[in-house]
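Engineer: Can you look at this prediction? I've put the sequence above it.
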Amino acid sequence: MQQTRVNQGFEYYVRFIERFPNVKSLAEADEQEVLKYWQGLGYYSRARNLHKAAKKIVSDFNAQFPKTYKEIISLPGIGEYTAAAISSFAYNLPYAAVDGNIYRVLSRISANDTPIDTTAGKKVFTEIAQNLLDKLQPGLHNQAIMEFGAIYCTPANPDCQNCPLLDFCEAKKLNLVQQLPVKQSKTKVTNRYFNYFFIQNGKSTYLQKRTKKDIWRNLYEFPLIETDGEMDFSSLVQTPEFKTLFENTDYQINKISKPFKHMLSHQIIYAIFYDINILGENMRLQSFEKTELSNLYLYPISRLTELFLESIEK
């Protein structure tokens, strides 16, 4: 549900659970199929980790989800917060789950200005949360503080007037509510410029799998030339990458897409799709995966590529 409204994410959840009703079915699935069912949600590393975790649960825990904090945190994709949340919510184990809401509440209640995005901050606020935890009802306690942060102690315009913890809030007494919590640094947002080539050779097209440690890892995309900035087609054809891609190949531009602006958590992708027909096939194109146009739906792709395909279907 991160950065996704419940009514949007719910249908993905239902579809995923219908296909993978238990951990064994997920563990036995091919990663490409798992990514395809995840397609559109973003955060694809979570789908890969979910798949890896299912395999580990089957191999190490006899297909039964582990029930201790130490075992839970050993699963791929599960860190301290998620392990504490599962331990307390599912098994009522005494572990404080510290999320963004709880960092904010604890920082304001204690008027503690230790930056929450530092190692020291995470240690300090985890200790405070653990000391405050109701050991008999840890799951209820964790959820209550999260809910309190979401309803009363909000990031902007907190409802201090009706806050049930007003008498205990040091930040309110010191007039520091708007200054807390403190973050050491803002995340830098990177702009990237993608030039995609939807190359049609008869009834076939070309795809490549993103295998590097980057966005959309293990998803498929059309041949791509990434540039340092916006570049029109007359400039693009002069690049070595373009010349290699279409060397000794006759091509015809069918259509140039509208510019797409695709926002990720720390990156903004500016993309153009070039719809191109070719006659013949050079060695560079042979290095891509050639597939029937009618089979494109089988491949897991980014939401950006999905939006382009939706636009040409209209």
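Structural biologist: Looks like it came in fine.
Engineer: can you tell me the helix or strand for Thr305?
Structural biologist: In this structure, Thr305 sits in helix 303-313 according to DSSP states H and E.
Engineer: And this structure, what are its domain boundaries?
Structural biologist: Annotated domains of the chain cover 1-65, 84-184, 190-313 [automatic domain parsing].
Engineer: closest to Ile72 out of the ones you listed?
Structural biologist: Between Ile72 and the domains of the chain, the shortest gap by C-beta to C-beta is with domain 84-184, which sits at 5.5 Å. Bear in mind the C-beta positions are built from the backbone N, C-alpha and C, glycine included.
Engineer: what's the spacing between the closest one and its chain's center?
Structural biologist: Relative to the mean C-alpha coordinate of its chain, domain 84-184 is positioned 24 Å out (C-alpha atoms, centre = their mean, to the nearest Å).
Engineer: Give me the buried positions along the helix holding Thr305.
Structural biologist: Of the residues in helix 303-313, 304-305, 307-308 count as buried by neighbour count, 16 or more other C-beta atoms under 10 Å.
Engineer: re the thing from before, in CSV, list the domains of the chain along with mean pLDDT and distance to Ile72.
Structural biologist: Below are the domains of the chain laid out as CSV (pLDDT from 0 to 100; distance: least, C-beta to C-beta, whole Å):
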stretch, mean pLDDT, distance to Ile72
domain 1-65, 93, 8
domain 84-184, 96, 5
domain 190-313, 96, 25
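Engineer: Ok, which of these comes nearest Pro76?
Structural biologist: Of the domains of the chain, the one closest to Pro76 (C-beta to C-beta) turns out to be domain 1-65, at 3.9 Å.
Engineer: how long is that closest one end to end?
Structural biologist: 22 Å (C-alpha to C-alpha, to the nearest Å).
Engineer: Check stretch 289-309 too.
Structural biologist: 18 Å.
Engineer: ok, now stretch 165-173?
Structural biologist: Start-to-end, stretch 165-173 (C-alpha to C-alpha) is 12 Å.
Engineer: Name the residues of it that are buried.
Structural biologist: 169, 171-172.
Engineer: how about the helices in the stretch 101-250 of the chain?
Structural biologist: 119-132, 138-151, 170-173, 233-236, 240-245 (DSSP state H, counting those that start in this stretch).
Engineer: Tell me which of the domains of the chain sits most buried.
Structural biologist: domain 84-184 (a mean of 17; mean count of other C-beta atoms under 10 Å).
Engineer: Kindly provide the distance from the residue nearest to the spatial centre of the chain to Ala271.
Structural biologist: With distances taken as C-alpha atoms, centre = their mean, Tyr43 lies nearest the centre of the chain, 1.7 Å away. Noted for Tyr43: a distance of 19 Å to Ala271, by C-beta to C-beta, to the nearest Å.
Engineer: check contacts around Tyr81.
Structural biologist: Taking C-beta atoms under 8 Å, 6 or more residues apart in numbering, we find Tyr81 in contact with 97-99.
Engineer: If we use 6 Å, what do you get?
Structural biologist: Residues in contact with Tyr81 (C-beta atoms under 6 Å, 6 or more residues apart in numbering) are 97, 99.
Engineer: Phe288 too?
Structural biologist: Phe288 neighbours (C-beta under 6 Å, 6+ apart): 206, 208.
Engineer: before we move on, what about Gln208?
Structural biologist: Phe288.
Engineer: End to end on stretch 271-285, go ahead and measure it.
Structural biologist: Note: stretch 271-285 ends 21 Å apart using C-alpha to C-alpha.
Engineer: how close does the residue nearest to Glu226 when sequence neighbours are not counted get to Phe65?
Structural biologist: Closest residue in space to Glu226, ignoring its immediate chain neighbours: Phe194 at 5.7 Å, by C-beta to C-beta, 6 or more residues apart in numbering. Phe194 is 39 Å from Phe65, where distance means C-beta to C-beta.
Engineer: Leaving out chain neighbours, which residue sits closest to Thr227?
Structural biologist: In space, Thr227 is closest to Tyr193, 4.8 Å off (C-beta to C-beta, 6+ apart).
Engineer: Quickly find the element holding Lys255.
Structural biologist: Secondary structure assignment for Lys255, by DSSP H and E: strand 250-256.
Engineer: before we move on, the earlier item: what sits against the residue nearest to Thr227?
Structural biologist: 227, 229-230, 270.
Engineer: The nearest residue in space to Arg192 that is not next to it in sequence bridge partners, please.
Structural biologist: Residue nearest to Arg192 in three dimensions, not counting chain neighbours: Ile269, with 5.3 Å by C-beta to C-beta, 6+ apart. Beta-bridge partners for Ile269, by DSSP bridges, are Arg192, His262.
Engineer: what does the one 4 residues further on give?
Structural biologist: Beta-bridge pairing for Phe273 (DSSP bridges): Tyr196.
Engineer: That one contacts Phe308, correct?
Structural biologist: Yes - the criterion here is C-beta atoms under 6 Å, and Phe273 meets it with Phe308 at 4.8 Å.
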